[in-house]
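1. okay, here's the prediction I keep looking at, along with the sequence it came from:
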Amino acid sequence: MAKMIGLHLLCLCAVLDTVLSASGFNASLTYSGSYWIQIHGKQWFLSAPPFVVANNVRYSVTVAVPFHGEYPDFDRELLHKNTESTQGSDSLGKFTSMKQEYFAGDTRMDVGVRAYDSAVVFTQTFPYGLRNSKVPDARPIVSGFPAFDWNWVFTDSTPSGYLTFSGPLTGSDAVFLNQWNPNNQTLPVGMLASGPLCLFNASGSDAVVISPLTQTMHVSPWHRVWNLTYITQGQSYWGLDRDLQTVPAGFKAEVMMVYSPDGIGKALEEWGRLYRQYHRATSTPPPPPPPSVALDSLGYWTGQGSYYSGNTTTNTTYEDILLDVAQTAVNMSVPLGFFELDNWWYDSQNGTPEAVITWEANNQSLPSGLGVFEQKLGLPLAAVLGWWSCNTTYAEQNNGTYAFMMEGDYALPMQKEFWSDLFKNASHNNVKHVILDNMATQYFGVTALQTQVGLASDWLRNVSSAAYDAGITLTLSQALPRMVMEASQYPAVVQVRVSAPYMDGSTNSTDQWKIGVTSALARALGLAAFKDTFWGHAHEAGNPYDGEEPNPTLQAVVATLSMGSVVPGDSKQLLASSALHRCCRSDGVVLKPSLPATAIDSQLTQTAVNRSDRFVGQIWSTLSTIDVITSPNGTSSYTQGVILAADVPSSVNVTPSAAFPGVYGQATKLRAGSWLQGKAVFWREFSESHPLSIMPAQCSVAPSSALPCLFHVSPPLFLNGGKTVIHLGGEDKFVPLSPQRVKVINITDDVTFILTLQGQPGENVTMLYYVNNVGRRFSAIIAPDGVTNVELDITSPVTTSTAIVTSEPMTTTGGHASRTSAATSFSLLSVFIVSVLVAMLK
């Protein structure tokens, strides 16, 4: 009864404004400072009183509660002084805002809410600063706003499931996906869990994402728990980390809530889009860096998981081994584009290779030095950089020339000048990419990164800015979610590792490839998702792990669809594999999709909400989008979908709207093609009424020769004269219609269909397409300048010839050779079976 009365009284408060959204997301603000948020008429969020710890005293707004302990303990009242309301607009759109002014003794805390169409931004500002904020209890934050009280929300109105990330992004260990029960569960809190929290309904159609928006390195969540049981007790807060010592005057931190009616994946993408949009509007970033060799080209890995990691023979150095691997790759026609140098290459602390003393080649590994080795190798380098040892030779404390902060075994560079000199010297030795490894270790090793406002952000900004200036791109490895969010603002940062280490010997090492959920964070923030290295063969005799790879093809597929580095780590004898051919062009350029592949919503909801049901397995999707130019001045795009299904324990039907929400129209009849356990290849209708049936017998990855399913989905293009063209793409590639292969599609007069293809000069490219449901194919040779225009034959009758005839060049315009080919019909269960995915998945 007490809760019902309290809720009734709250609803009688004068409503300042209600921001209504066409999508059903309504935010209501009151003059008393309370607020609530409804989704389709159901109240998902109801405000709780804010709090702050100032001068070692806990302050909160006094409220009538039914029993002791309903809200966190406080010592004194947080006094309300003023309320202001305004309307305006910023980079996120038009908003209605409410600001409350509070005093905690002589400390002023202003809290505000800005309500947009489908988003809400919460602010907490300290005009006079915040000092002596030592917290006398176990709460992980010193301030709480926004604050939500789940005790006052009817059970049938609350979300059903949640997804969040905590700790270093090392695969499934970093994922928390479960039913949402804020009154009886254990949730990650504090700086480890400072990334996005996604709440969703049972179907996954309605989803809300909450995360820090500004001061990302200092704002964390707290889901209040009982001290003895650590079980949640009904309130959630976001606020400043408890370890912050002093907050300067004018300090402001913001938290953002974003809603999507199109599901979990779309909510995360919209959250990431708005997060990046907001930061672009408040700063002037430099133009994007040049393309990253670590993302664009096939590379070779030498770290954990690779055959040669810690596996050199007597009197043999890494320099000898890698030069031998490079020559073997040339002999085998494996088009490697770069080599990764792991933590063996630099001078490190004895017994701790991650601890950097001098980031230069050591005599034991690269006796010729980095510059001479690079010249012998003739390829760009990607170099690992671990955490800084207190014995680093660069530090003034060790007779070096740069300012470092020291703490125990750890050190931290304090100047951008250091990073600039370090990366400039590296770039002179053809280091084009740097993997920032052990980032969480560096962060927690230097306490000041957690206690001094702005220091952690300065660290990431200095590293990224110096790398950009030197023409170097960056990978974040073992990074906390807050680091990924913060670093996504900097153009030098291009990817984040989202998996556990490969072949690390852990009990779940066979699941290391399962990155469909962690990749969602990278995708939302515009970054590639790195899955680590892999082997292209099941058996690698003499490997240092005494391990095997049960699913080498799956590993290559996941690496390709992640958009991250594709870096095999096989022994030189087994470097060549059919999978490497299918992930890239003949020049080693990786044929990637346009976005990292991520788990579809039904995988997430089945795991989180329907815990008693059998898990649907790993079902991911991604898109490959090609620009389309239509005469005279029209532009559009052609989007092919890709679905990966693996480790599927029971039959699942997948529709276009489930795999690609909001991409294809409900009435669109797509074509879907797939290899099914070597039995058949088919291109069939794929629509809401004709879903794909994913069967466990075909899409499993048991420790055997079992293989995953890979579906490719193509939409129709309707031309004048009743012609319908469906472009399927390259017949032997994991991503048949990659932007790295098809640069643009030109449609002139609505009847002439021209593809601009990219590749290695002389490379033979074969592609397939449909015209009015009849399959055709063409073959083209890439011109000397690496670009070839191909006009698809969509008018002549289809012949019954099984030969593929390629004509001589038609014209040469602007240096682009144009070729065309005679169209031939093909059997969907004969020629295509042999040429496409059966071959692909041997």
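-> Ah, there it is. Because the structure is predicted, anything quoted here is derived from the model rather than measured. Residues are numbered from 1 along each chain as shown.
2. just the pLDDT at Ser464, thanks.
-> The confidence metric pLDDT takes the value 96 at Ser464.
3. can you classify Val484 by secondary structure?
-> At Val484 the chain is in helix, as set by DSSP: H, G, I helix; E, B strand; the rest coil.
4. so where is the chain shaky, pLDDT-wise?
-> 1-22, 63-71, 152-157, 226-232, 283-287, 506-509, 611-616, 674-682, 701-706, 798-842 (pLDDT under 70).
5. domain ranges for it?
-> The record assigns the chain these domain ranges, following automatic domain parsing: 2-250+259-281, 293-583, 617-840.
6. just say which of these is most tucked in.
-> Among the domains of the chain, domain 293-583 has the highest mean neighbour count (mean count of other Cβ atoms under 10 Å), at a mean of 21. Every residue, glycine included, has its C-beta placed from N, CA and C.
7. distance between it and the chain's centre?
-> 18 Å (Cα atoms, centre = their mean, to the nearest Å).
8. first to last residue in it, what's the distance?
-> Terminal residues of domain 293-583 lie 15 Å apart, using Cα to Cα, to the nearest Å.
9. repeat for stretch 221-236
-> OK, stretch 221-236 end separation, Cα to Cα: 7 Å.
10. and Gly129, backbone torsions?
-> Phi and psi for Gly129, reported as degrees, to the nearest 10, are phi 90, psi -180.
11. contacts for whichever strand or helix holds Val330 next, please.
-> Secondary structure assigned from DSSP states H and E places Val330 in helix 318-331. Helix 318-331 is contacted from outside by 300, 302, 308, 312, 334-336, 339, 344-345, 365-368, 373, 376-379, 572-573, 575, using Cβ atoms under 8 Å, 6 or more residues apart in numbering.
12. which residues are in contact with the residue nearest to the spatial centre of the chain?
-> Geometric centre of the chain, nearest residue: Ala522, 1.4 Å, by Cα atoms, centre = their mean. By Cβ under 8 Å, 6+ apart, the residues touching Ala522 are Val484, Gln495, Val496, Val498, Ala528, Ala529, Pro596.
13. checking it next. Helix, strand or coil?
-> Secondary structure, three-state DSSP: Ala522 is helix.
14. follow-up on the earlier one: ok, so of the contacts of Ala522, who is nearest Arg585?
-> Nearest to Arg585 out of these is Ala528 (Cβ to Cβ; 18.0 Å).
15. and that closest one, what is it in contact with?
-> Per Cβ under 8 Å, 6+ apart, neighbours of Ala528: Leu295, Val494, Gln495, Val496, Ala522, Ser562, Met563, Gly564, Ser565, Pro596.
16. element containing the second one, please.
-> Taking DSSP H and E as the definition, one finds Val494 inside strand 493-497.
17. what's that strand packed up against?
-> helix 293-296, strand 473-476, helix 518-524, strand 528-530 (3 or more Cβ pairs under 8 Å, 6 or more residues apart in numbering; DSSP states H and E).
18. closest to Gly775 out of those?
-> Taking Cβ to Cβ, helix 293-296 is the member of the helices and strands packed on strand 493-497 nearest to Gly775, at 31.6 Å.
19. the helices and strands packed on strand 493-497 into CSV, with extra columns for distance to Tyr162?
-> Formatted as CSV, these follow (distance: least, Cβ to Cβ, whole Å):
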stretch, distance to Tyr162
helix 293-296, 31
strand 473-476, 24
helix 518-524, 14
strand 528-530, 21
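20. which one of those lies closest to Trp459?
-> strand 473-476 (12.4 Å).
21. name whatever forms a beta bridge with Leu692.
-> Beta-bridge partners for Leu692, by DSSP bridges, are Val654.
22. where's it relative to Val52, distance?
-> 53 Å (Cβ to Cβ, to the nearest Å).
23. neighbouring strands for the one helix or strand Ser97 maps to, and are they parallel or not?
-> Ser97 belongs to strand 93-104 when assigned by DSSP H and E. On the basis of DSSP bridges, the sheet neighbours of strand 93-104 come out as strand 79-90 (antiparallel), strand 107-115 (antiparallel).
24. looking at the ones you listed, which is closest to Ala267?
-> strand 107-115 (17.4 Å).
25. what about Glu270, helix or strand, and which?
-> Per DSSP H and E: helix 264-281 holds Glu270.
26. what packs against that helix?
-> Secondary elements touching helix 264-281 (3+ Cβ pairs under 8 Å, 6+ apart): strand 197-200, strand 207-212, strand 251-260, helix 518-524, helix 601-608.
27. how about TSV for the strands paired with strand 93-104, with distance to Thr123 added?
-> Compiled in TSV, the strands paired with strand 93-104 are given as follows (distance: least, Cβ to Cβ, whole Å):
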stretch	distance to Thr123
strand 79-90	12
strand 107-115	4
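28. nearest to Ala780, out of those strands?
-> The nearest among the strands paired with strand 93-104, by Cβ to Cβ, is strand 79-90 at 49.4 Å.
29. okay, strands next: where are they in the stretch 701-842 of the chain?
-> Here the stretch 701-842 of the chain has its strands, by DSSP state E, counting those that start in this stretch, at 709-714, 717-718, 724-730, 742-748, 752-758, 764-771, 774-781, 787-792, 812-813, 816-819.
30. I'd like those as TSV, with distance to His581 appended.
-> Formatted as TSV, the strands of the stretch 701-842 of the chain follow (distance: least, Cβ to Cβ, whole Å):
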stretch	distance to His581
strand 709-714	15
strand 717-718	29
strand 724-730	11
strand 742-748	18
strand 752-758	17
strand 764-771	13
strand 774-781	17
strand 787-792	20
strand 812-813	30
strand 816-819	22
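31. so which of the ones you listed is nearest Pro413?
-> strand 752-758 (40.3 Å).
32. correct me if wrong: Leu554 contacts Leu707.
-> Yes - between Leu554 and Leu707 there is a contact under Cβ atoms under 8 Å: 7.0 Å.
33. rewinding a little: for Leu476, which of the strands of the stretch 701-842 of the chain is the nearest?
-> strand 709-714 (28.3 Å).
34. what packs against that closest one?
-> Counting contacts by 3+ Cβ pairs under 8 Å, 6+ apart, strand 709-714 is packed against strand 634-646, strand 670-676, strand 724-730.
35. out of the strands paired with strand 93-104, which gets nearest to Val434?
-> strand 79-90 (34.9 Å).
36. how distant is the closest one from the center of its chain?
-> Taking mean C-alpha positions (Cα atoms, centre = their mean), strand 79-90 and its chain are 36 Å apart.
37. what does it contact?
-> With Cβ under 8 Å, 6+ apart, strand 79-90 has contacts from 16-17, 29, 31, 33, 61, 94-104, 281.
38. now do it against helix 264-281, angle only.
-> Here strand 79-90 runs at an angle of 90 degrees relative to helix 264-281 (axes from the mean of the first three to the mean of the last three Cα atoms, to 10 degrees).
39. tell me the contacts of Tyr128?
-> By Cβ under 8 Å, 6+ apart, the residues touching Tyr128 are Asp106, Thr107, Arg108, Ala249.
40. make it 7 Å
-> Residues near Tyr128 by Cβ atoms under 7 Å, 6 or more residues apart in numbering: Thr107, Arg108, Ala249.
41. the last one in helix, strand or coil?
-> State at Ala249, reduced to three classes by three-state DSSP: coil.
42. doesn't Ile515 make contact with Lys531?
-> Yes - between Lys531 and Ile515 there is a contact at 5.2 Å, judged by Cβ atoms under 7 Å.
43. show me the common contact partners of the two, please.
-> What both Lys531 and Ile515 touch, as defined by Cβ under 7 Å, 6+ apart, is the set Val498, Ser499, Val558, Ser562.
44. farthest-separated two in those residues?
-> Val498 and Val558 (10.8 Å).
45. re the thing from before, if we take the contacts of Ala522, which one ends up nearest to Thr639?
-> Nearest to Thr639 out of these is Pro596 (Cβ to Cβ; 15.4 Å).
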